[in-house]
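Asks: predicted model follows, preceded by the sequence.
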Amino acid sequence: MNQFDFLNDLNPEQLEAVKCIEGPMLVLAGAGSGKTKVLTYRVAYLVASGVPFNEILCLTFTNKAANEMRNRITSLLGELGKKSLGGQGWIGTFHSLFARILRAEAEKLGYSSNYTIYDEDDSLRTIRELLRERNLSEEIFSPSGIRWKISQLKNKAVLPEEFLAQARIRQDQVSAQIYSEYEKRLRKNNAMDFDDLLLKPILLFHRDRGVLEKYQNKFKFILVDEYQDTNRAQYVLLKLLAESHKNICVVGDDAQSIYSWRGAELKNIFDFQTDYRGCKVFRLEQNYRSTGKILKAANSIIVHNRRKLDKELWTTNHEGEKLTLLKCDTDRDEGYRIVQKVREEILKNKLQLRDFVVLYRTNYQSRSLEEAFNKNAIPYVIVGGIAFYRRKEIKDILAYLKLIINPSDDESFLRIVNLPQRGIGDISLQHLKRFAESNSLSLLSASGMADSIVEVQPRQRRQLLEFHNLIFKYTKLKDQMKASQLVQSLTDEIGILKDLKEEATTESLERIENIQEFISGIAEFQQEYPDSTLEDFLSEVSLVADVDRWDARQNSVTLMTIHAAKGLEFPVVFVSGLEEGLFPHSSKEDEELEEERRLFYVAITRAKKKVYLSYAKERYRYGHPTFQSPSRFISEIKSDLIEDDNEGKLIADTERDALSYMLEKLGVSFGNNSIMSKPFDRDKLGQVERTNKELKVGSIVEHEMFGIGKIVEISGKGENTRAVVVFGSNQRKQLLLRYAHLRLIK
DNA sequence: TTAATTTGCACCTAC
DNA sequence: TGCAAATTAA
């Protein structure tokens, strides 16, 4: 047995790609052909051949993929792995690895290493402020439009001066102006946005040859996953780093490029061979994931695209079943039919809940699906939607932490200075800003001198000083206590949990849970990285993706967007909402339409065994029912590969009957199925409240959001009666009966 | 200065 | 429909 034994489970093409180490190479790898496997084995092979682990730069698309890859490499290498890997190495996303490099080199860019990372909301706030300060109308110059423009420019590595020079129309000139001011403002706040994490290293490398050489020497081998989704800035970074040794291996599939709206350029993968002379090309066309029929269906879709590289996937897997089309009456119906199919598949093929994924184009589609899963007590998890770290309550606490670490961060200051309410409003802030500006101070230091600002009322002065002292107290404390303790003590002091508890709505209870989860998240992070600082944690949370938090092992059906599903696989895949205007999304043509088609291709190729497609003839959009027509993509699938589901309607009716029966038992009268569209009619509330008196431990109840559950505990009395309810999706919720409006079922 | 109410707009996709 | 900004009342 030797250290290269692991190479035995590669096919000849994969093996060749793994063992060819020197020089530039391009691996064109179709869906399910083992592209991540090649990258993983390649890193392991390099290490086994004696290359130090931390001299390998490996760029993945998500943190999750990076972690999986790291674990896999360790296990491939066995004993050798434990010895040589140590540390976390340089496997990760572009954003997280370059954020790390920027921390180390911040001073060279005029930043300090405790810089804050701004997300889109923070950027938008900043742009709004700049427009307001300049008296530019938000109607004429849309803040989100400008933010979008700035982001696009940064992705293309275009600087404000360059854009200003080429701006002809007034809109562009204003955008260029704001872009330039925005840069200054971020610098003043010691902050960078997401795009800066790629752009700033480029500027650094251009400005300081020595630093560039340092990293060129450090990273002797570069590997890139999902190369088809890199943007111009990423391309330039790679070009710079690989310049001296040219040991760059990129892996990708042009048919799976789905991020052009984020600046990704297919050009990068198309031109790789001419960019890097002497580049070797490998093709992986054997698919190990899907059945023959699924693969043929996928191929029959992608041939409708004109802009693509030549490649056709094949497999030796079973032919499998045809794709099944569910033609549904409404979006609600769609949810029920999907649930029904999940049940059928579980019974028929002995599958588990974790074997299913429901995919959709836009996040809001999860709502109608969620309802069906709730009502039928099928455990599910939604990936995405409002990302955990973007929730208001979490962002509020994060703003405190950011300000504690980076006192120049005026954005965070403005977010929390009056939260909880300290009676500091617009007017006081205007004065404070003016004072800060004329003395070149940050807003936080300015509040420390509030007594010298004559325009501010005494009450507000006192509040500002107090706020300043609060932040400073924690600035001093942060190195003495654990981050999780600090957050606990901070949240206690500002009383955010107390306020939410008093509110006692289901929503506020959920927020409390989120905050608690956040605190335990910090504790976990510290356990994993004992030497880490609060700064490390903050930079980590800024860069986690929705899928990073998703646990494939838990036994629930997964609901997510197709974008989030990239790189994943499931035995059974539902692709829902196949309607014109939704998927493909409205007004897409030519190149954009081709990207929608690639997205559909990605969706279908996630499946191992079975694909269900569905559309609804009528769907709620903007709160109104809208007529929808089937997506053109459905008819692009070769007709012998797809079949209609005929039982469907009958089953959906059965579902409806079950619900009707339930409602009838509750004494809710109805004559037609209009009750279906608003089962929680407010007229019925009085009645619901009366039933609350009859609730006891063991009662089966229904909740508007969580569906059907069982009461396991009741506490308190009168107004404050609470119940602990375990719902079907296995969620345990503590609810205040006054707000929860539980419906007694049994 | 804040709370209450109205209006207006949105529903792409995300590090 | 459902949220967030804008407007108005307190």
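Replies: Thanks, I have the structure now.
Asks: what about A:Val250, which helix or strand?
Replies: Here A:Val250, judged by DSSP states H and E, is contained in strand A:248-252.
Asks: now A:Ser113
Replies: Going by DSSP H and E, A:Ser113 is not in any helix or strand.
Asks: wait, isn't it in contact with A:Ala104?
Replies: Yes: with contact defined as CB atoms under 8 Å, A:Ser113 and A:Ala104 form a contacting pair (7.2 Å). For the C-beta atoms, the positions are set from N, CA and C on the backbone; glycine is no exception.
Asks: on the three-state scheme, A:Ser33 is what?
Replies: coil (DSSP: H, G, I helix; E, B strand; the rest coil).
Asks: how about the residues of chain A near DNA strand C?
Replies: Contact residues, chain A versus DNA strand C (CB under 7 Å from any atom of the strand): A:Glu138, A:Lys392, A:Tyr620, A:Tyr622, A:Gly623, A:His624, A:Lys678.
Asks: of the residues you listed, which belong to strands?
Replies: Counting by DSSP state E, the residues of chain A next to DNA strand C place A:Tyr620, A:His624 in strands.
Asks: just the buried subset of the residues of chain A next to DNA strand C, please.
Replies: Neighbour-count burial (16 or more other CB atoms under 10 Å) applied to these gives A:Tyr620.
Asks: the residues of chain A next to DNA strand C: which ones sit near DNA strand B?
Replies: By CB under 7 Å from any atom of the strand, the members of the residues of chain A next to DNA strand C lying near DNA strand B are A:Tyr620, A:Tyr622, A:Gly623.
Asks: identify the residues contacting the residue of the stretch 301-450 of chain A at minimum distance from DNA strand C.
Replies: Distances between the stretch 301-450 of chain A and DNA strand C by CB to the nearest atom of the strand are smallest at A:Lys392, namely 7.0 Å. By CB atoms under 8 Å, 6 or more residues apart in numbering, the residues touching A:Lys392 are A:Arg511.
Asks: what do you get if the cut-off is 7 Å, keeping everything else the same?
Replies: Taking CB atoms under 7 Å, 6 or more residues apart in numbering, we find A:Lys392 in contact with no residue.
Asks: now it: how far from DNA strand B?
Replies: 15 Å (CB to the nearest atom of the strand, to the nearest Å).
Asks: and what of A:Val454?
Replies: Distance from A:Val454 to DNA strand B, by CB to the nearest atom of the strand: 14 Å.
Asks: next, count neighbours for that residue.
Replies: 8 (other CB atoms under 10 Å).
Asks: what about it, distance to A:Gln460?
Replies: Distance of A:Val454 to A:Gln460, computed by CB to CB, to the nearest Å: 12 Å.
Asks: quick check: phi and psi at the residue of chain A found nearest DNA strand C.
Replies: Closest contact between chain A and DNA strand C, by CB to the nearest atom of the strand, is at A:Gly623 (2.3 Å). The phi/psi pair for A:Gly623 (degrees, to the nearest 10) reads phi 80, psi 0.
Asks: same check on A:Ser614?
Replies: The phi/psi pair for A:Ser614 (degrees, to the nearest 10) is phi -140, psi 150.
Asks: which residue sits closest to A:Pro160, ignoring its sequence neighbours?
Replies: Nearest residue to A:Pro160, sequence neighbours excluded (CB to CB, 6 or more residues apart in numbering): A:Ser180, at 3.8 Å.
Asks: mind listing what the spatially most central residue of chain A touches?
Replies: Compute the mean C-alpha point of chain A, and by CA atoms, centre = their mean the closest residue is A:Asp546, 3.1 Å away. Neighbouring residues of A:Asp546 by CB under 7 Å, 6+ apart: A:Val383, A:Gly384, A:Ala387, A:Ala564.
Asks: if we can go back for a sec, overlap in contacts of A:Val454 and A:Gln460?
Replies: With CB under 7 Å, 6+ apart, A:Val454 and A:Gln460 have no common neighbours.
Asks: how far does stretch A:364-380 sit from the chain's center?
Replies: 20 Å (CA atoms, centre = their mean, to the nearest Å).
Asks: CA atoms of it as CSV?
Replies: The C-alpha trace of stretch A:364-380 is given here as CSV (Å, rounded to 0.1, in the frame of the first residue of the first chain):
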residue,chain,number,x,y,z
TYR,A,364,-41.1,33.8,-3.4
GLN,A,365,-42.4,30.6,-5.0
SER,A,366,-41.4,28.8,-1.8
ARG,A,367,-44.5,30.2,-0.1
SER,A,368,-47.1,28.2,-1.8
LEU,A,369,-45.0,25.1,-1.7
GLU,A,370,-44.3,25.6,2.0
GLU,A,371,-48.0,25.7,2.7
ALA,A,372,-48.6,22.3,1.2
PHE,A,373,-45.7,20.8,3.1
ASN,A,374,-46.9,22.3,6.3
LYS,A,375,-50.5,21.2,5.9
ASN,A,376,-49.4,17.6,5.2
ALA,A,377,-46.9,17.5,8.0
ILE,A,378,-44.0,16.7,5.7
PRO,A,379,-40.7,18.0,7.2
TYR,A,380,-38.9,20.3,4.8
